[in-house]
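Asker: what shape does this take:
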Amino acid sequence: MVSVMIFAKAWAWLASGSAAMLGSLTDSLLDISATLMNFFVLSYALKPADDDHRFGHGKAEALAGLGQSAFIAGSGCLLAFHAIERMFNPVAITHSLLGVWVSVFAIFCTLVVVFVQYQALKRTESVALKADSLHYKGDLFLNLAVMLALLLAYYGISGADPYFAILVAAYLLYNAWQIATESAGHLMDKELPDEEKAHIVAVACAHEAVHGVHALRTRQGGKVRFVEFHLELDDHIPLVQAHRIADEVELMVKDAFSLQKHPEFGGEVDVLIHQDPVSATRKHH
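Answerer: The predicted model follows:
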């Protein structure tokens, strides 16, 4: 469907000469390139952990996100230069109604793609897929802007076309920044959101044998959250009992992030727990 949309936009751009339509075509070419990249990257990122990658391959998604952001930013800059050149050397736009109908078709295709991605995101928390979905959602507004530019050209206001192209370029650069920021956060082991960390602490402290939690550290690699913390337990319980409590808390945390039971937090969790005597913890504090 995206390929058909690209051919339709290329036809409309060649027929009309619209800079805004060129921007929309450029964005669609980037979309399909990013989608193909995501297909191969996700195939690698979803591989289970092995001897050389004990934490899995999830960060491949973030690397792909940085690559996408670089391509998108470069295309946005080139489109902006083309639009500025059109301001000083205007070109008459023809067959603008053709471009309008192509934009309507592109909006329909984009809605279908966004719906399919939404269904996939309900089952996974892929960074690459989330970035791709965000981009396609923004495309809805982009295609509306192109349609408006062509309608204005149809009614004789052709000078607006390069300004809309600059808006499209600004949109591409904004998307590139968003994707790069999220991807860099995953590569730099950024902490999970405060809401999720508070949820982890609350679940762990809900166990009757746990006096508290400290030294919580979190990060995310692909769809997997990695969680580490220290449990504060009674001083004189046997090691076997402390181990059993830690196992129970681990299962509680994993259950709290179950996609079926808690879709707002759902996902895979890798939990590492250290047991501390409560007296030593209080003395340290």
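Asker: which parts of stretch 52-67 are buried?
Answerer: By neighbour count with 16 or more other CB atoms under 10 Å, stretch 52-67 contains the buried residues Gly56, His57, Gly58, Lys59, Ala60, Glu61, Ala62, Ala64, Gly65, Leu66, Gly67. (Glycine included, C-beta is placed from N, CA and C.)
Asker: okay, the third one: pLDDT?
Answerer: Spelled out, that is Gly58. Here the pLDDT value assigned to Gly58 is 73.
Asker: need the contact list for it.
Answerer: Ala45, His186, Gln220, Gly221, Gly222, Lys223, Val224 (CB atoms under 8 Å, 6 or more residues apart in numbering).
Asker: those residues into TSV, with extra columns for neighbour count, secondary structure and pLDDT?
Answerer: Rendered in TSV, the data for those read as follows (neighbours: other CB atoms under 10 Å; DSSP: H, G, I helix; E, B strand; the rest coil; pLDDT from 0 to 100):
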residue	neighbour count	secondary structure	pLDDT
Ala45	24	helix	70
His186	20	helix	79
Gln220	24	strand	83
Gly221	22	strand	76
Gly222	26	coil	69
Lys223	21	coil	73
Val224	18	strand	80
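Asker: from the residues you listed, pick the one nearest Met37.
Answerer: Ala45 (11.7 Å; CB to CB).
Asker: any idea how far the closest one is from Val253?
Answerer: Using CB to CB, to the nearest Å, Ala45 is found at 23 Å from Val253.
Asker: per-residue confidence for the residue lying farthest from the centre of the chain?
Answerer: For the chain, the largest distance from the centre (CA atoms, centre = their mean) belongs to His236, which lies 47.1 Å off. Reported pLDDT at His236 in the predicted model: 89.
Asker: could you do Val240 as well?
Answerer: As summarised for this prediction, Val240 has a pLDDT of 93.
Asker: ditto for Glu196
Answerer: 89.
Asker: gap between the strand or helix carrying it and the chain center?
Answerer: Per DSSP states H and E: Glu196 is located in helix 194-205. Mean-position distance between helix 194-205 and its chain equals 23 Å (CA atoms, centre = their mean, to the nearest Å).
Asker: neighbouring contacts of that helix?
Answerer: Surrounding helix 194-205, the residues in contact under the criterion CB under 8 Å, 6+ apart are 191, 210, 212-213, 216, 218, 225, 227, 229, 231, 249, 252-253, 256, 265.
Asker: return the subset of these lying in strands.
Answerer: Gly212, Val213, Leu216, Thr218, Arg225, Val227, Phe229, Leu231 (DSSP state E).
Asker: so which of the buried residues of stretch 52-67 are in strands?
Answerer: Filtering the buried residues of stretch 52-67 for strands - DSSP E - leaves nothing at all.
Asker: elements contacting the helix ranked longest in the chain?
Answerer: Ranked by residue count and defined by DSSP state H, the top helix of the chain is helix 59-88. The elements that helix 59-88 packs onto, with contact taken as 3 or more CB pairs under 8 Å, 6 or more residues apart in numbering; DSSP states H and E, are helix 19-45, helix 127-154, helix 161-187.
Asker: I'm done for today, thanks for sticking with me.
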